[in-house]
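In: Quick one, structure for this:
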Amino acid sequence: MIDDTPQYGPYPVDALTDEQHSVQFVQDAPVQYGVQNTPEPDNKKRKSKSKKSGWKIALFIFITMIVLFAIVAGSVYVLTSDFEIGNPFSLTSGGEVDVIYIQGVMITSNIGDGFGISASETVGKYLREANDDPDVEAVVLRVNSPGGSPAAAQEIVSEINKLKENNKTIVVSMADLAASAAYYISAPTDRIVANEDTITGSIGVIWSFENKSAYNEEEGYDYWVAKSGDFKDMGASWRGLTDEEKNYSQDVVMEAYGRFVNGVALGRNMSVDEVINLSDGRIYTGARAKELGLVDDIGNLYDAIDIAADMAGIEGKPRVNYVNKPSLSSLLFGGEGEAPAQSSAISLYYSFIGRYGKLLAHI
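Out: Numbers count the residues shown, from 1 in each chain. Below you'll find the predicted structure:
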């Protein structure tokens, strides 16, 4: 018997609803009418899911790398710059106080700060700039140094005296260590502020020589030296000092020591005898130094800034300019416009003075 029901494609006409006049697919119609959907192969599904998962992982890695880069870049910026966290809306109404850092052994060079070195030419440049700036009314030297060469200290003291002649206040803030030549540069300032356990003092001069003659003999090294005078190879490591050279080196040390003592006496308003009694090379804590008259106040850097501002007659909160605040870049590469190859320069410097021993006002 022939079915006269009209056919529309593979589905019966009764699959159309009168209300919607649209095709609705009967769930099992394909099976009833011999039409079967071929299921998508499992490997295609896995590939599709794998692609989606791969995009998600790639997106996650990309975002993670951006976040890590931002964290690293921010950290490097903070470490290698003079970035400070503070209140950007704080108001200052007074004059300017410059803070200049002196960190490490002081030498007469312009190799820049860093690697435990503080170059007198660099410090002198900062002091000159402060002296020439009409907005700067006071300077605080933040000192953290074991000392250095007498000549380096004298170069810095020369610039300190020029500041004082220009009626600008200069105060020292001693950190962990401010001994020997570091005390030398502190003495002529207007005021010295130290922590109770700051190590200071060590007023004196030392000149050391190295004698490797026994080692050279043992290793078979032999030297023949042509010289124009008996003292020309004084301090050379291939021989020891003669008695005459020892006496001469002691005379040089005492000459430098005399200038050190006189400088402290003048700067601290003490008699030469008073200073000599305190100048056998021993160190003092900040608290003990205050009792002895070598230090004026006990306090930290910010106390020193307040004292400097008050002494300079600055009204209101002073503007504080940290001129050469230590940062990772300055410690590794020196300050602006300074040579980056400091380690080579330092090695060359000490190789040079090694020929004559090391004459240092240094603990």
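In: how about the helices in the stretch 101-250 of the chain?
Out: Assigned by DSSP state H, counting those that start in this stretch, the stretch 101-250 of the chain shows helices spanning 120-132, 150-165, 181-186, 213-219, 243-268.
In: Packing partners of the third one?
Out: Counting contacts by 3 or more CB pairs under 8 Å, 6 or more residues apart in numbering; DSSP states H and E, helix 181-186 packs against strand 105-107, strand 136-145, strand 147-148, helix 150-165, strand 169-179, strand 199-201, helix 243-268, strand 358-362. (Glycine included, C-beta is placed from N, CA and C.)
In: again, but for the first one
Out: If contacts are counted by 3+ CB pairs under 8 Å, 6+ apart, helix 120-132 sits against strand 96-103, strand 105-107, strand 136-145, helix 150-165.
In: closest to Gly204 out of the helices of the stretch 101-250 of the chain?
Out: helix 243-268 (6.2 Å; CB to CB).
In: Quick one: name whatever helix or strand follows the closest one.
Out: Using DSSP states H and E, the helix or strand that follows helix 243-268 in sequence is helix 272-277.
In: Can you list the strands that the helix or strand that that next one is followed by pairs with?
Out: Going down the chain from helix 272-277, the next helix or strand is strand 283-285, by DSSP H and E. According to DSSP bridges, strand 283-285 has the following sheet partners: strand 199-201 (antiparallel).
In: List the contacts of the partner strand.
Out: 174, 176-179, 182-183, 186, 194, 278, 282-286, 289, 294-295 (CB atoms under 8 Å, 6 or more residues apart in numbering).
In: sorry, back to before: and the helices and strands packed on helix 181-186, which one averages the lowest pLDDT?
Out: Lowest mean pLDDT of the helices and strands packed on helix 181-186: strand 358-362, a mean of 52.
In: what's the closest residue to Asn161 other than its chain neighbours in contact with, if anything?
Out: Leaving out its chain neighbours, the residue that sits closest to Asn161 by CB to CB, 6 or more residues apart in numbering is Pro188, at 6.4 Å. Applying CB under 8 Å, 6+ apart to Pro188 gives the contacts Val157, Ile160, Asn161, Lys164, Gly263, Leu266, Gly267.
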